[in-house]
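Undergrad: what shape does this take:
(4 chains)
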There are 2 protein chains.
Amino acid sequence: MAFRVLEAALELLLIERREPPFAGNWTLPGAFVHEKEPLEATAARVLGEKAHLEGIYLEQLATFGAPDRDPRGHVLSVAYFAIVNAATVDEGSAHWFPVDALPKTGFDHDDIIATAVQRLRGKLTYTDLGFAFLPDTFTLTELQQAWQAILGTPLDKRNFRKSILSQQRVVATGQKSSGGAHPPAMRYRWQPKD
Amino acid sequence: MAFRVLEAALELLLIERREPPFAGNWTLPGAFVHEKEPLEATAARVLGEKAHLEGIYLEQLATFGAPDRDPRGHVLSVAYFAIVNAATVDEGSAHWFPVDALPKTGFDHDDIIATAVQRLRGKLTYTDLGFAFLPDTFTLTELQQAWQAILGTPLDKRNFRKSILSQQRVVATGQKSSGGAHPPAMRYRWQPKD
DNA sequence: CATCATGGTGTATATGATACACTACTAATT
DNA sequence: AATTAGTAGTGTATCATATACACCATGATG
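TA: Just a heads-up that it's a prediction; the model follows:
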């Protein structure tokens, strides 16, 4: 499953399912693991095939294995979530939805999505996962807007900047963004720790 | 995989493997999922069959699926960890080892164990998982000793008690433990939140 | 040249985390 | 009966972190 932040909203990629079961429902992109294929490679392959997404942050979420979750039989889903930055387009039957306005989904995908959103929110402040939503360089305002979209709550500008800068999670590039009726803003780059 | 705390040490249950591959090596207890069996039920079943452990805390850790992790073929392991209190005995080929003195293990079980210990330590302070190491009622000193064993670091007595009590994670039972050359200590019971 | 929209900054207060030492009580020993 | 040993239980001062809050400067636009 893939997340992005666009226009102050956290969005999720869903696919309209063509075959039964749940034909016509929106579902998370998925596929069966190939023989000798690492699990993370399967996750990356699915997103490449179904939505042309590449080179993205991927993290294992959990494995869902209730016996009745798929009417065809007892199928395990090893769920992964991906984070991409917003420069992506809808492809084929894939569509991005804000997480607070999702359509009805098939299987147990609501549970999986809820678990993922919770994980995303929980890990945002103490990991570097938030930077995966942004391009290489970004302004602090853009970063703050992404955090706000993910958490669903407003953040204080001064406190946000103080906190990010004091943790040395970003470095100034020296480049400034211009455009718009306002002064240009410094662009920063993410500074991975150690 | 099962953890307990005994005598100021965090311990892990391993099984001596009889059949190839890795015959003679210590490994995590495991088994194949039965048809129509929920994953958590499989984890519970394994610990019941191999070590007569029951009624314990169980949490999904992660799924390990590197294609070469089992020489017999591409096998996924959905790893769970369990927490039991110390009133348990060694059974058959199962044996408890302190996590800082583990024997050589087979498969990729070192990785799985390291992930589990990290998770245990990470979640200890902000979840109720630590209480699963203790019997129904316990003294604050026992609780502190369990935390110290899990984290591997000493904790300050006054600060520890202040913190646990202020979070209202426990309630006094009114019963006191006596025994030993010291005043009797209040026994507490875990208070699940909400 | 006026307007608009965002960039960028500091301080005071409250809250939570840390460091630290002694007396009281019971059991066991002499 | 007296002594010893070992843990129970308690408070305060300091430091670090989190929160609340408002204005001026700058560049683009018309």
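Undergrad: how many neighbours does A:Y126 have?
TA: By the measure other CB atoms under 10 Å in any protein chain shown, the count of residues near A:Y126 is 9. For the C-beta atoms, the positions are set from N, CA and C on the backbone; glycine is no exception.
Undergrad: check A:F81 too.
TA: A:F81, neighbours per other CB under 10 Å, totals 24.
Undergrad: helix or strand: which one has it?
TA: strand A:77-83 (DSSP states H and E).
Undergrad: quick one: that strand to strand B:77-83, angle?
TA: Interaxial angle, strand A:77-83 versus strand B:77-83 (axes from the mean of the first three to the mean of the last three CA atoms, to 10 degrees): 90 degrees.
Undergrad: C-alpha coordinates for strand A:77-83, CSV please?
TA: The C-alpha coordinates for strand A:77-83 follow below in CSV (Å, rounded to 0.1, in the frame of the first residue of the first chain):
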residue,chain,number,x,y,z
SER,A,77,-1.1,-11.1,3.4
VAL,A,78,2.2,-9.8,4.4
ALA,A,79,1.3,-6.1,4.3
TYR,A,80,3.9,-3.5,3.4
PHE,A,81,3.5,0.2,3.2
ALA,A,82,5.3,2.6,0.9
ILE,A,83,5.8,6.3,1.0
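Undergrad: and the contacts of the following helix or strand past it?
TA: Counting by DSSP H and E, the next helix or strand C-terminal to strand A:77-83 is strand A:94-98. Residues outside strand A:94-98 that contact it (CB atoms under 8 Å, 6 or more residues apart in numbering or on different chains): A:4, A:6, A:9-16, A:26, A:29, A:50-51, A:88, A:90, A:103.
Undergrad: at 6 Å instead, please
TA: If you take CB atoms under 6 Å, 6 or more residues apart in numbering or on different chains as the criterion, strand A:94-98 is touched by A:9, A:11-15, A:50-51.
Undergrad: wait, what's in contact with the closest residue to A:Q168 other than its chain neighbours?
TA: Once flanking residues are discounted, A:Q168 sits nearest to A:Q191: 6.3 Å by CB to CB, 6 or more residues apart in numbering or on different chains. Residues in contact with A:Q191 (CB under 6 Å, 6+ apart) are A:169-171.
Undergrad: show me what the closest residue to A:T139 other than its chain neighbours bridges to in the sheet.
TA: Counting by CB to CB, 6+ apart, A:A185 is the residue found nearest to A:T139 once chain neighbours are left out, at 4.1 Å. Counting by DSSP bridges, A:A185 is bridged to A:S177.
Undergrad: burial count for A:A185?
TA: 16.
Undergrad: what's the answer for A:E91, then?
TA: 14.
Undergrad: can I assume it is in contact with A:A51?
TA: Yes - counting by CB atoms under 6 Å, A:A51 is a contact partner of A:E91 at 5.1 Å.
Undergrad: follow-up on the earlier one: so which of the contacts of A:Q191 reach DNA strand D?
TA: Near DNA strand D, judged by CB under 7 Å from any atom of the strand, there are no entries from the contacts of A:Q191.
Undergrad: return the members of those classed as buried.
TA: For the contacts of A:Q191, a burial check counting by 16 or more other CB atoms under 10 Å in any protein chain shown picks out A:169-170.
Undergrad: now, among the contacts of A:Q191, which is nearest to B:R158?
TA: Nearest to B:R158 among the contacts of A:Q191: A:R169, at 34.2 Å, using CB to CB.
Undergrad: what pairs with A:A2 across the strands?
TA: Residues in beta-bridge contact with A:A2 (DSSP bridges): A:A82.
Undergrad: residues contacting it?
TA: Taking CB under 6 Å, 6+ apart as the criterion, A:A2 is in contact with A:13, A:47, A:53, A:82, A:84.
Undergrad: quick one, longest helix in chain A?
TA: Longest helix in chain A by number of residues, with DSSP state H as the criterion: helix A:109-124.
Undergrad: separation between the residue most central in space within chain A and chain B?
TA: In chain A, the C-alpha nearest the mean C-alpha coordinate belongs to A:F3, at 2.2 Å (CA atoms, centre = their mean). The gap separating A:F3 from chain B is 20 Å, by CB to the nearest CB, to the nearest Å.
Undergrad: next: A:A86.
TA: Separation of A:A86 from chain B (CB to the nearest CB) stands at 29 Å.
Undergrad: so that residue sits right up against A:E7, yeah?
TA: No - at 8.5 Å, A:A86 does not count as touching A:E7 under the criterion of CB under 6 Å.
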